[in-house]
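Engineer: return a 3D structure for these sequence lines:
(chains A and B)
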Amino acid sequence: MSLDVNDPAVRAETTQREAPPSLPPVRPGALRWNDVAVFLGASVSSLCLVWLVYERLAPTSGALGFVICWVLTFLLVYWIVERELEGPLVATDRLVAVGIGIVAVSLLIPLVSILVYIVYQGLHALTVSFFLRDMTGVGPQQSAKAGGAAHAIVGSLEQVGIALMISVPVGITAAVYMNEVKGNLTRPVRMFVNAMSGVPSIVAGLFIYAIWLLQFHHSFSGFAAALALSILMLPTVARTAEEVLRLVPDGLREASLALGSPEWRTTWSVVLPTARSGLVTAVILGMARAVGETAPLIMTSFGTQTMNWNPFSGPQQSLPLFVWQQYQLGGGAQGAPAFLRAFTGAFALIIVVLILFVIARLFGRSKLSAR
Amino acid sequence: MGVEMRPDDTRIDLEAAEASASGGKPGELYAENVSAWFGAHKVLEGLNLRMPAGHVTALIGPSGCGKSTFIRILNRMHELVVGAALSGSVLLDGVDIYGPEHRPTDTRRRIGMVFQKPNPFPTMSVYENVLSGLRLTRSKASDRDALVEQCLVRAGLWNEVKNRLRAAGGALSGGQQQRLCIARALAVQPEVLLMDEPCSALDPTSTRRIEETIDEIREQVTVVIVTHNMQQAQRISEQCAFFNVNEGEPGMIVEIGPTEQIFDNPTDPRTADYVHGRFG
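Structural biologist: Okay, the predicted model is just below:
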């Protein structure tokens, strides 16, 4: 296999004096104006074709059918045109890429439509006083702008806050036990955490009702609701935290141990800070689970129309409970003031969740600039 | 150097007179009859090796013969592996580090280690990385800035990072990261520094700088380096130990001797085969 140095072709390569003129760089597979034009042209032409056949000629009707036909026709037209221009290989490749793109974008449709609809409906009763007043003395027939959900917002924040204070340390400790300490009970702990994630939320509420309210003779309170929420948050936080700790490279632990650090200090000062943004994700996922739960709140915090700042005594309102109770008051009728208020409550819930996520992400940002 | 060597003996004995005359420098390591197991599988058999203070000892030999395992026994990292076991003793300045009254963490502070893959702490800046050993062992330093500068100068990294001490530790190139790890290891003032193939993943420039570092620190810190690069072993070490393993048997030391002798005139034919590249 060795080169024959007498071969003139080999000689020419290896004894080159002048470099050939350098060619401009090409990015294979990059999008050009041509491709964008074909895409737009195919979509417009398939739209016109489907409109003609679907609306005018064939006995079909309905928006959903139209969109489906349009997408299918577009794919067919796009593939045919690309096959003519670039060849079957590129055409199939582009077709699959566009098809996957369409599926991905269409996943956004339910999410965006929920948001848009809630914002649209929620604007009816949205005033500044919505965030400042509670529902004291507001009758079911009064306008949607009467009253407010301040008591629900305060209740939600307090209950989720207390639930976080319980479930985050316990969850992260469980994750550290499963991944760093690797004690003898690791497998049972993991099994129980996984099992806990399947507990229905209403069962968690019933459990706290039976133990905390009945057995220990407490009344409805925000704290009881927080206990139920922490049962639901704990498995999510623990499992995600364990996955994130597993991603910390072993080399860092070894380096820390080789410097003379005890194992607990290695975990506290090296492993946990390295996994910080992932742990924040674990907390966010737990919060997302808890903040929208309604069923366990019915029998633990019970809900109320008045502001209750104390989570340890007396029933407390929270946003999902507010939405449900307003819906019930309104009887499900489309224009009922209570029904509109429910949508505004849902809108407020989305805003609160958004703010909590942003705060959590700010917490999780590394202080060093990553390059 | 006053080293005495008997051809059919695999031990080097520093003359007792010389040792006591030099005041018995701290940092002499002596591995006595060390064997190691992973579970039921024996990987090292009856090793005896004296690593004299203030000198560089190179451990050479083909892959898989237990050099890394041996070096981890020297700073009590071997026992961190689940199912690992060992026998024999490792004497640091005459005291067995595996004695029940010694904490592993104290030993690891006195016997530092640099790994094959550079592993600076990514959440800390360069400055904090160098001082991390102090923080993790709750030690104090009187002048932290001076200590950081001294360690980075010894590691040959000061000029490149003196203007970006607050940058992230992970933002440096591979060779710079490894030198940062060396600076970090030096900051806790160890008596011995173990190096497990520190240059194997690095470019020649970084390798040269690290060898310069080893040259500078050899008086104050005993260095034990595992290396696959035989030219490197010839360049920097004063004593070499050749490890070998036969199939199905635990690894062992075949020959120990001064570096020139191991490479130019080895006693054992297996050593001669290895250093001349006939296997490995």
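
Engineer: burial of A:Ala295, as a residue count?
Structural biologist: A:Ala295 has 18 neighbours, counted by other CB atoms under 10 Å in any protein chain shown. In this view, the C-beta of every residue, glycine as well, is placed from N, C-alpha and C.

Engineer: the closest residue to it other than its chain neighbours: what secondary structure?
Structural biologist: Distances taken as CB to CB, 6 or more residues apart in numbering or on different chains put A:Ile202 closest to A:Ala295, at 3.9 Å, once the chain neighbours are dropped. With DSSP: H, G, I helix; E, B strand; the rest coil as the basis, A:Ile202 sits in helix.

Engineer: now do A:Ile202, the pLDDT please.
Structural biologist: pLDDT recorded at A:Ile202 is 94.

Engineer: quick one: pLDDT of residue 18?
Structural biologist: No chain in the question, so chain A it is. Reported pLDDT for A:Glu18: 71.

Engineer: wait, chain B was what I had in mind.
Structural biologist: 40.

Engineer: what does B:Ser63 give?
Structural biologist: Taking B:Ser63 on its own, its pLDDT is 85.

Engineer: got a list of what the closest residue to it other than its chain neighbours touches?
Structural biologist: Nearest residue to B:Ser63 in three dimensions, chain neighbours excluded: B:His228, at 7.5 Å (CB to CB, 6+ apart). Neighbouring residues of B:His228 by CB atoms under 8 Å, 6 or more residues apart in numbering or on different chains: B:60, B:63, B:197, B:200.

Engineer: who wins on neighbours among these?
Structural biologist: Neighbour count (other CB under 10 Å) singles out B:Ile60 as the most crowded of the contacts of B:His228, with 28 neighbours.

Engineer: so how far is chain A from it?
Structural biologist: B:Ile60 sits 22 Å away from chain A, going by CB to the nearest CB, to the nearest Å.

Engineer: what bridges to that residue?
Structural biologist: For B:Ile60, the beta-bridge partners are B:Phe242 (DSSP bridges).

Engineer: domain assignment for chain A?
Structural biologist: A:32-106, A:130-370 (automatic domain parsing).

Engineer: coming back round to it: what's the farthest-apart pair in the contacts of B:His228?
Structural biologist: B:Ile60 and B:Ser200 (12.9 Å; CB to CB).

Engineer: which residues do those two both contact?
Structural biologist: What both B:Ile60 and B:Ser200 touch, as defined by CB under 8 Å, 6+ apart, is the set B:227-228.

Engineer: residues of the stretch 51-200 of chain B that sit close to chain A?
Structural biologist: Proximity of the stretch 51-200 of chain B to chain A, by CB under 8 Å from any CB of the partner chain, involves residues B:75, B:77, B:80, B:82, B:105-110, B:112-113, B:115, B:117, B:119-125, B:132-133, B:135-137, B:166-168, B:170-171, B:181, B:184-185, B:188.

Engineer: same thing but 6 Å
Structural biologist: Applying CB under 6 Å from any CB of the partner chain, one finds that the stretch 51-200 of chain B approaches chain A through B:105, B:108-109, B:113, B:117, B:119, B:123, B:133, B:136-137, B:168, B:171.

Engineer: among those, name the ones in helices.
Structural biologist: Counting by DSSP state H, the part of these found in helices is B:105, B:108-109, B:133, B:136.

Engineer: in helices, which of the contacts of B:His228 fall?
Structural biologist: Per DSSP H, these never map to helices.

Engineer: which of the residues you listed fall within strands?
Structural biologist: Residues of those located in strands (DSSP state E): B:Ile60.

Engineer: want to throw the contacts of B:His228 into a markdown table with distance to A:Val98?
Structural biologist: A markdown table is the format used below for the contacts of B:His228 (distance: CB to CB, whole Å):
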| residue | distance to A:Val98 |
| --- | --- |
| B:Ile60 | 59 |
| B:Ser63 | 50 |
| B:Glu197 | 50 |
| B:Ser200 | 47 |
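
Engineer: out of the contacts of B:His228, which one has the weakest pLDDT?
Structural biologist: Within the contacts of B:His228, pLDDT is lowest for B:Ser63, at 85.

Engineer: poorly predicted segments of the chain, please.
Structural biologist: Going with chain A. Low-confidence segments of chain A, defined by pLDDT under 70: A:1, A:3, A:5, A:8-17, A:366-371.

Engineer: oops, wrong one, chain B.
Structural biologist: Using pLDDT under 70, the flagged stretches of chain B are B:1-25, B:280.

Engineer: repeat that with 80
Structural biologist: Residue ranges of chain B with pLDDT under 80: B:1-26, B:279-280.

Engineer: which residues sit in contact with A:Leu126?
Structural biologist: A:Leu126 sits next to A:Thr344 when contact means CB atoms under 6 Å, 6 or more residues apart in numbering or on different chains.

Engineer: what's it sitting at in phi/psi?
Structural biologist: Per-residue torsions, A:Leu126: phi -80, psi 110 (degrees, to the nearest 10).

Engineer: next one: B:Met77
Structural biologist: Main-chain dihedrals, B:Met77, degrees, to the nearest 10: phi -90, psi -20.

Engineer: any idea how far chain A is from B:Val254?
Structural biologist: B:Val254 is 28 Å from chain A, by CB to the nearest CB.

Engineer: could you verify that that residue is part of a helix?
Structural biologist: No - applying three-state DSSP, one finds B:Val254 to be strand, outside a helix.

Engineer: follow-up on the earlier one: want to throw the domains of chain A into a markdown table with distance to B:Thr259?
Structural biologist: A markdown table is the format used below for those (distance: least, CB to CB, whole Å):
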| stretch | distance to B:Thr259 |
| --- | --- |
| domain A:32-106 | 60 |
| domain A:130-370 | 26 |
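
Engineer: helix, strand or coil: sort out the residue in the stretch 1-150 of chain A positioned nearest to chain B for me.
Structural biologist: Residue nearest to chain B within the stretch 1-150 of chain A (CB to the nearest CB): A:Ser2, separated by 21.5 Å. Secondary structure, three-state DSSP: A:Ser2 is coil.

Engineer: for it, what are its contacts?
Structural biologist: No contacts exist for A:Ser2 under CB under 6 Å, 6+ apart.

Engineer: of all the domains of chain A, which one is nearest B:Thr207?
Structural biologist: Judged by CB to CB, the one of those that comes nearest to B:Thr207 is domain A:130-370, at 19.8 Å.

Engineer: distance from the chain centre to that closest one, please.
Structural biologist: Domain A:130-370 sits 14 Å away from the centroid of its parent chain (CA atoms, centre = their mean, to the nearest Å).

Engineer: swap in stretch B:149-162?
Structural biologist: For stretch B:149-162, the distance to the chain centre is 21 Å (CA atoms, centre = their mean).

Engineer: what comes up buried for it?
Structural biologist: B:149-152, B:154-158, B:160-161 (16 or more other CB atoms under 10 Å in any protein chain shown).

Engineer: repeat that for stretch A:193-209.
Structural biologist: Within stretch A:193-209, the residues that count as buried by 16+ other CB under 10 Å are A:193, A:196, A:201, A:204-209.

Engineer: and those residues, which of them are in strands?
Structural biologist: In this view, those have no member that belongs to strands under DSSP E.

Engineer: need these in CSV (columns: distance to chain B).
Structural biologist: Below are the buried residues of stretch A:193-209 laid out as CSV (distance: CB to the nearest CB, whole Å):
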residue, distance to chain B
A:Val193, 22
A:Met196, 28
A:Ser201, 36
A:Ala204, 36
A:Gly205, 39
A:Leu206, 42
A:Phe207, 38
A:Ile208, 38
A:Tyr209, 43
